[in-house]
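Novice: Quick one: sequence plus predicted model below, questions after.
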Amino acid sequence: MASKPSFWLMKSEPDAFSIDDLERVGREPWDGVRNYRARNFMRDEMKVGDGVLFYHSNAKPPGVIGLARVSRESFPDHTALDPDGKYHDPKHSEEEPRWFMVEVEFVEKFQSIVSLDQLKSDEGLDGMLVAMKGQRLSIQPVERSHFTRVIKLGKGATKIGTFKR
DNA sequence: GCCAACGTTGGC
DNA sequence: GCCAACGTTGGC
């Protein structure tokens, strides 16, 4: 029996990497995360096939813009090795990696963004982390019911079954 | 181990 | 551009 998938929300600034960028490249390693809680989710909990709400932050408006899926599990974030890169961390090495990432693949772009305003006001989304005050974490777990509700609000054609594994 | 200072995130 | 809410750093 396959284990049940989990659900996540991942934030990205569209100026840096948007849902359109993900659609174009198909798959993308989620590099550059330098927050321990977010790292732990990627390193310890995110599995191939898990559903991902792709969130545009620092956008007008901010909100969930589409769907992705975890396509590869935890592996070291090599951008931490590059001394000239902005994600460099001298405490990270090949022998003792400190930072990890997953790879995500494009599933679909919503017909319309599910804005943060909608996320906050929808009764079906009570308690969703991203809509709560002060919640800045760039990778967050999402409850199944919230995940399916956001898909409905986005009028996505994707069925929940897409995320079985 | 505490906590002030500093840096970052991200909505507004 | 402002600033609230965190997270990290480093002195002690």
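Specialist: That came through fine. Residues are numbered from 1 along each chain as shown, chains lettered A, B, ... in the order given.

Novice: Just say helix, strand or coil for A:L67.
Specialist: strand (DSSP: H, G, I helix; E, B strand; the rest coil).

Novice: Read off the pLDDT value for it.
Specialist: Reported pLDDT at A:L67 in the predicted model: 96.

Novice: before we move on, what about A:S93?
Specialist: pLDDT at A:S93 comes out at 87.

Novice: Also the one 10 residues further on?
Specialist: At A:E103, the pLDDT value in this model is 97.

Novice: Could you tell me which helix of chain A is the longest one?
Specialist: Using DSSP state H, we find that the single longest helix of chain A is helix A:144-153.

Novice: Report how many residues lie close to the residue lying closest to A:F100 once chain neighbours are set aside.
Specialist: Nearest residue to A:F100, sequence neighbours excluded (CB to CB, 6 or more residues apart in numbering): A:R43, at 4.1 Å. Any C-beta I mention is one placed from the backbone N, CA and C, and that applies to glycine too. Other residues lying near A:R43 total 19 when counted by other CB atoms under 10 Å.

Novice: Need the phi and psi values for A:R43.
Specialist: phi -70, psi -40 (degrees, to the nearest 10).

Novice: Next to DNA strand C, which bits of chain A? Give me the list.
Specialist: Counting by CB under 7 Å from any atom of the strand, chain A comes close to DNA strand C at A:35-37, A:133-137.
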